[in-house]
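[1] prediction below, plus the sequence it came from.
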Amino acid sequence: MQKSDATQVILKILQQAEDSGDKTHRSYGPRELGGAFDLAPSKHGQRLVEIEQFVSDYMKFSSPTQSKAFMNQLWSQVEPSSLVGEVLAAVTNTSMYTYEVAPLATLLEQSLVKHLSSKVWGEAGDGVMTSGGTASNLQALMIARNERLQESKEHGLSGGVKKPYILASKEAHYSIKRACNILGLGHAGLIEVEADSDGRMMGSAVESAIAEVEKLAGHVVAVVATAGTTVKGAFDDILGIGEVCKRQKVWFHVDGAYGASVLLSESHRDLMQGGSLADSVSWDFHKMLGLHLPAAFVFVRKKGLLKKSLASGNDDYLFHDEDDLDLGPKSLQCGRRADVVKLWLSWMAQGERGFSERIDGLFNAASVMRDLIEKDHNFVLVAKPQSINVCFRYNSPDGIRHEKSIRTRMLEEGSAILNYSEDSQGPFFRLAITRPDLTTSDLRGLLDLISTIGGEYASTSRSRPQLR
Ligand SMILES: Cc1ncc(COP(=O)(O)O)c(C=O)c1O
């Protein structure tokens, strides 16, 4: 393909995205989708017209993440200035490992690491951008393991007398369990601590869990508090847990992949109270702040640990830097995209004030939804929302849990894409507010849609003869 053809296709993509705006569509199953495309990789290069057709179809059949009806994940939409950054990063294609090949991007990332880590600790710590919260959690917990079990980096875990454990809430993200697996602790190395009914892990529960582990001659390497849990959006008792960790000399990691962004909001930053006690923090910008996936950081309070935990000594073919500018030695990745460019452009366009207003808008929309649910006998909250997730059930007149069927119907019709989770009482809807422009009427509309479909399911189940 010629460069000029590529430019033509790219402009068409942007135009099609502009034209499709807020439109939604029904979902397509793999058979239907597979039937609509030739999925065999082509042997010979195809013509521009065929490439353009594929690109257009790809967009048509993609999940309608730009629509207000898309409420399924902790992210949605395209933030325009972040899109400009994405294009800039793609067009200038480079890797973040050395200053030499990513000079300005390196300085931008260093500047943001300084600024953002100061939001956590009041003074600059260290940090690096990652491929997402999962990688940030893994990297932070690897540093914790290496610092608490000094021999583990060079010799692995076999030498220790005491079995190492990581503690996290039952409601923590699955990436913590995966990290235990990858770091050699195994799934059994994760102790899942009970959360309260609103989904918060408390300092007292962590203190008891540490005592239990020690009674069994185990060794707690790290405790993970979650700032914004994936399902309930709950903020653990970060201050209380941090104080326990300091007393017990345990590494304290805050998984703020979802919620650390509240640090940029004057009204909501108190939710991160105690965050300055953390040894490390994960923070995603592609969730609450709406940037393109991925835009994530891991921060570590003590400078030097990122490099120390990774240094392997066989990388001098790449790193010739004598001024300590290269970011590669701090990263789990070798080749790494310049994700910082989109964050920088978003920051330029919105300013910190814009980020703060965005967060406040998300919280406002979540509180509108909570009020609507509390006033509507058709619905019940599953937990008191602490941030921007609202978990609720449909009170079906027939007493049957129809949430999954309602969700599937909405997905098939393309009327709404709304996720669910489950607890001991069965499934419930998890609405994550990811765009501040959701109005009261949008949210009321969603509840009305659920009531209408739920009512239909309830009347069919009641008219059906009961088996005895
Ligand atoms: C609390 C929490 N931590 C970590 C992650 C993983 O983040 P990522 O999807 O960026 O890997 C998620 C994802 O939803 C999350 O909710």
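    Cool, got the structure. All values reported here derive from a predicted model rather than from experimental measurement. Numbers count the residues shown, from 1 in each chain.
[2] show me what the closest residue to Leu185 other than its chain neighbours bridges to in the sheet.
    The shortest distance from Leu185 to any non-neighbouring residue, by C-beta to C-beta, 6 or more residues apart in numbering, is to Pro164 (5.6 Å). Just so you know, the C-beta spots here come from the backbone N, C-alpha and C atoms, and that holds for glycine as well. Per DSSP bridges, the residues bridged to Pro164 are His219.
[3] wait, Pro164 sits on Leu157?
    Yes - the pair Pro164 / Leu157 is scored as a contact, 6.8 Å apart, by C-beta atoms under 8 Å.
[4] neighbour-wise, which of these two wins?
    Taking other C-beta atoms under 10 Å, Pro164 and Leu157 do not tie; Pro164 has more neighbours (23 against 16).
[5] and the strands in this structure?
    For the chain, strands defined by DSSP state E occupy the ranges 70-71, 126-130, 163-169, 190-193, 218-226, 251-256, 280-284, 296-300, 379-381, 389-394, 417-423, 426-432.
[6] is stretch 113-129 in proximity to the ligand?
    No - Stretch 113-129 is not in contact with the ligand by C-beta under 6 Å from any ligand atom; minimum separation 11.6 Å.
[7] circling back to that earlier point, what's the overlap in contacts for Pro164 and Leu157?
    Here Pro164 and Leu157 have 149, 185 as joint contacts, going by C-beta atoms under 8 Å, 6 or more residues apart in numbering.
[8] quick one: the helices in this protein, in order.
    3-20, 30-36, 48-61, 80-91, 103-121, 133-148, 152-155, 174-182, 203-215, 238-248, 305-310, 340-374, 403-413, 440-463 (DSSP state H).
[9] quick check, Val206 in contact with Ile241.
    Yes - Val206 is within contact range of Ile241, at 5.0 Å (criterion: C-beta under 8 Å).
[10] ok, the residue in the stretch 351-468 of the chain that the ligand sits nearest to - how many residues close by?
    Nearest residue of the stretch 351-468 of the chain to the ligand, counting by C-beta to the nearest ligand atom: Ala432, 9.3 Å away. A count of nearby residues for Ala432, using other C-beta under 10 Å, gives 26.
[11] output the below-cut-off pLDDT ranges for the stretch 351-468 of the chain.
    Applying pLDDT under 70 to the stretch 351-468 of the chain flags residues 462-468.
[12] could you rerun that using 90?
    Within the stretch 351-468 of the chain, the ranges that satisfy pLDDT under 90 run 459-468.
[13] can you count the residues close to Thr65?
    Neighbours of Thr65 using other C-beta under 10 Å come to 15.
[14] pLDDT score for the residue lying closest to it once chain neighbours are set aside?
    Of all residues not flanking Thr65 in the chain, Ser76 sits nearest, at 5.4 Å (C-beta to C-beta, 6+ apart). The model reports Ser76 with a pLDDT of 93.
[15] how close does Ser76 sit to the ligand?
    According to C-beta to the nearest ligand atom, to the nearest Å, Ser76 and the ligand sit 13 Å apart.
[16] rewinding a little: okay, and the common contacts of Val206 and Ile241?
    Val223.
[17] my guess is Leu157 meets Leu149, correct?
    Yes - using C-beta under 8 Å, Leu157 is in contact with Leu149, at 7.0 Å.
[18] shared neighbours, the two?
    Both Leu157 and Leu149 are contacted by Pro164, under the criterion C-beta under 8 Å, 6+ apart.
[19] ok so, going back, looking at the helices of the chain, which is buried most?
    Most buried of the helices of the chain, by mean neighbour count (mean count of other C-beta atoms under 10 Å): helix 133-148, with a mean of 24.
[20] how about that helix against the ligand, any contact?
    Yes - using C-beta under 6 Å from any ligand atom, helix 133-148 reaches the ligand at 133-134, 137.
[21] for the protein, what lies in contact range of the ligand?
    So far as C-beta under 6 Å from any ligand atom goes, the chain lies against the ligand at 74, 132-134, 137, 173, 175, 226, 228-230, 255, 257-258, 284, 294, 296.
[22] who are the contact partners of the nearest residue to Ala225 once chain neighbours are set aside?
    Sequence neighbours aside, Asp236 is the residue nearest to Ala225 in space, at 4.1 Å (criterion: C-beta to C-beta, 6+ apart). Taking C-beta under 8 Å, 6+ apart, we find Asp236 in contact with 169, 195, 200-202, 225-227, 229.
[23] and for Ile176?
    Per C-beta under 8 Å, 6+ apart, neighbours of Ile176: 137, 141, 166, 168, 190, 224, 255.
[24] by neighbour count, which of these wins?
    Asp255 (33 neighbours).
[25] what's near enough to touch the closest residue to Leu138 other than its chain neighbours?
    Excluding its sequence neighbours, the residue lying closest to Leu138 (C-beta to C-beta, 6+ apart) is Ala179, at 4.5 Å. The contact partners of Ala179, taken as C-beta under 8 Å, 6+ apart, are 137-138, 141-142, 166.
[26] just Gly240 next, same as before
    202-204, 206, 274.
[27] mind putting the residues you listed into TSV with pLDDT?
    Shown next, in TSV, are the contacts of Gly240 (pLDDT from 0 to 100):
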residue	pLDDT
Met202	98
Gly203	98
Ser204	98
Val206	98
Gly274	98
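[28] farthest-apart pair in the residues you listed, please.
    Using C-beta to C-beta, the two most remote members of the contacts of Gly240 are Ser204 and Gly274, lying 14.2 Å apart.
[29] check contacts around the residue nearest to Leu185.
    So Pro164 contacts 145, 148-149, 157, 185, 189, 218-221 (C-beta under 8 Å, 6+ apart).
[30] same check on Pro385?
    Shown in contact with Pro385 (C-beta under 8 Å, 6+ apart): 232-233, 366-367, 370, 391.
[31] same deal with Gly455?
    Pro397 are the contacts of Gly455 under C-beta under 8 Å, 6+ apart.
[32] do you know how far Leu263 is from Ala227?
    9 Å (C-beta to C-beta, to the nearest Å).
[33] returning to that earlier point: just the buried ones from the residues of the chain next to the ligand, in ChimeraX syntax?
    To isolate the buried members of those in ChimeraX, using 16 or more other C-beta atoms under 10 Å:
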select :74,132,133,134,137,173,175,226,228,229,230,255,257,258,284,294,296
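[34] for the residue nearest to Thr65, give me its contacts.
    By C-beta under 8 Å, 6+ apart, Ser76 lies in contact with 65-66, 70, 290, 434-435.
[35] in those, find the pair that's most separated.
    Most distant of the contacts of Ser76, by C-beta to C-beta, are Phe70 and Gly290, 12.8 Å apart.
[36] hang on, the earlier thing: quick one, which of Leu263 and Ala227 is more surrounded?
    Taking other C-beta under 10 Å, Leu263 and Ala227 do not tie; Ala227 has more neighbours (28 against 22).
[37] which ones are touching the more buried one?
    Ala227 neighbours (C-beta under 8 Å, 6+ apart): 235-236, 238, 254-256, 258-260, 262, 271-272, 275.
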